[in-house]
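Trainee: The amino acid sequence is not available; the structure is as follows:
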């Protein structure tokens, strides 16, 4: 039943509180209901009223109406603790699949202080923060990065039970926050390298295989390495699985090629992501070729980010 009415609720919420990067809470954006403690408080007041009516006791009447006045004041002060609060989206850093995405929020007070504010993506996991009068507070919340591509943050829950805890005022806000999630880097053999010229037309001719011209040394075996390059003598001496490593002296620039890898799409992208990071760290120029995408040969930070972005958005995943 809940799943059936969820789309209707979301459409109504989008009309009531439209998405925006900066939102000021007012009476249209704040909802308020009694908490469990508040429901118990209301039941006790009602029973006291029945007792006062039954016994016609002036002291019971006075205590009942005093508690009722406290409850009404609690409604006003609980609403006031959220009213006027301004929330705006901060920066969102790109991460890799499997990491936590840090999303920053700015809480601003235009007048009075706001105390014991609880923020989070769900009612079960909230972070408490305060905002001083006419002050500014920054809060960092995290979301898990489960798939590559654009991660759109869900609606943010902002609530408060201050001051007495018998009423809860809350709001659901869409601050239009998003972060780009890169594929998870997976080590492995370098994909097929081929010669390319920056901005040149790709005619399909490639130098197949890793370099074989110049022996560079040994490195630890990684899943996907060719067994023909295993150093069996080192293995027989108990030194573990080592692989002979060569470089290509053909004068061609390095090009990481999607079609040179086996496995499914996500595995290929993860291997390419690892080598994009590895070659960028070495400051070694390289190009990246994906179906429908061919980068130039470079080694700078902008080139690395462009390649990572292409890997994250491969297949038009949003």
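Mentor: Received, thanks. Everything numeric here is computed off the predicted structure, so don't read it as measured data. Numbers count the residues shown, from 1 in each chain.

Trainee: Show the contacting residues for the most centrally placed residue in the chain.
Mentor: Centrality entry for the chain: nearest residue to the mean C-alpha point is residue 101, 3.4 Å, by CA atoms, centre = their mean. Residue 101 sits next to 92, 93, 95, 142, 143, 144, 145, 151, 179, 181 when contact means CB atoms under 8 Å, 6 or more residues apart in numbering. To be clear about C-beta, it is placed using only N, CA and C from the backbone, and glycine gets the same treatment.

Trainee: ditto for residue 98
Mentor: Residues touching residue 98, when contacts are defined by CB under 8 Å, 6+ apart, comprise 145, 184.

Trainee: Quick check: it vs residue 258, distance?
Mentor: Counting by CB to CB, to the nearest Å, the separation of residue 98 from residue 258 is 21 Å.

Trainee: Just give me the neighbour total for the closest residue to residue 166 other than its chain neighbours.
Mentor: What sits nearest to residue 166 in space, not counting adjacent residues and going by CB to CB, 6 or more residues apart in numbering, is residue 38, at 3.4 Å. Other residues near residue 38 number 20, with proximity taken as other CB atoms under 10 Å.

Trainee: Under a three-state scheme, what state does residue 38 occupy?
Mentor: Reduced to three states with DSSP: H, G, I helix; E, B strand; the rest coil, the structure at residue 38 is helix.

Trainee: Could you report the pLDDT at it?
Mentor: Per-residue confidence for residue 38 comes out at a pLDDT of 95.

Trainee: Please look at it and residue 169 and confirm they touch.
Mentor: No. Counting by CB atoms under 8 Å, residue 38 sits too far from residue 169 to count as a contact (11.5 Å).

Trainee: show me where pLDDT drops low in the stretch 101-250 of the chain?
Mentor: Across the stretch 101-250 of the chain, the stretches falling below the confidence threshold (pLDDT under 70) are 192-218, 223-229, 244-250.

Trainee: Tell me the buried residues in whichever helix or strand residue 150 is part of?
Mentor: Taking DSSP states H and E as the definition, one finds residue 150 inside strand 149-152. When neighbours are counted by 16 or more other CB atoms under 10 Å, the buried residues of strand 149-152 are found to be 149, 151.

Trainee: In its sheet, which strands sit next to that strand, and in what direction?
Mentor: According to DSSP bridges, strand 149-152 forms sheet pairs with strand 178-182 (antiparallel).

Trainee: can you list contacts of the strand it pairs with?
Mentor: If you take CB under 8 Å, 6+ apart as the criterion, strand 178-182 is touched by 92-97, 101, 103, 143, 145, 147-153, 273, 308-309, 311-313.

Trainee: in it, what's buried?
Mentor: Going by neighbour count (16+ other CB under 10 Å), the buried part of strand 178-182 is 179, 180, 181, 182.

Trainee: Strands of the stretch 1-150 of the chain, start to end?
Mentor: 22-24, 31-34, 85-92, 95-96, 100-109, 114-122, 125-131, 136-144, 149-152 (DSSP state E, counting those that start in this stretch).

Trainee: Residue 287 is nearest to which of those strands?
Mentor: Each of these was scored for nearness to residue 287 using CB to CB, and the closest is strand 95-96 (21.5 Å).

Trainee: which helices and strands sit right next to that closest one?
Mentor: Helices and strands touching strand 95-96, as assessed by 3 or more CB pairs under 8 Å, 6 or more residues apart in numbering; DSSP states H and E, comprise strand 178-182.

Trainee: what about 10 Å?
Mentor: Using 3 or more CB pairs under 10 Å, 6 or more residues apart in numbering; DSSP states H and E as the contact criterion, the neighbours of strand 95-96 among helices and strands are strand 136-144, strand 178-182, helix 265-282.

Trainee: Just the pLDDT for residue 11.
Mentor: The per-residue confidence score, pLDDT, reads 88 for residue 11.

Trainee: ok, it to residue 5 distance?
Mentor: Residue 11 is 11 Å from residue 5, where distance means CB to CB.

Trainee: One more: residue 231?
Mentor: In this structure, residue 231 and residue 5 are separated by 64 Å, where distance is defined by CB to CB.
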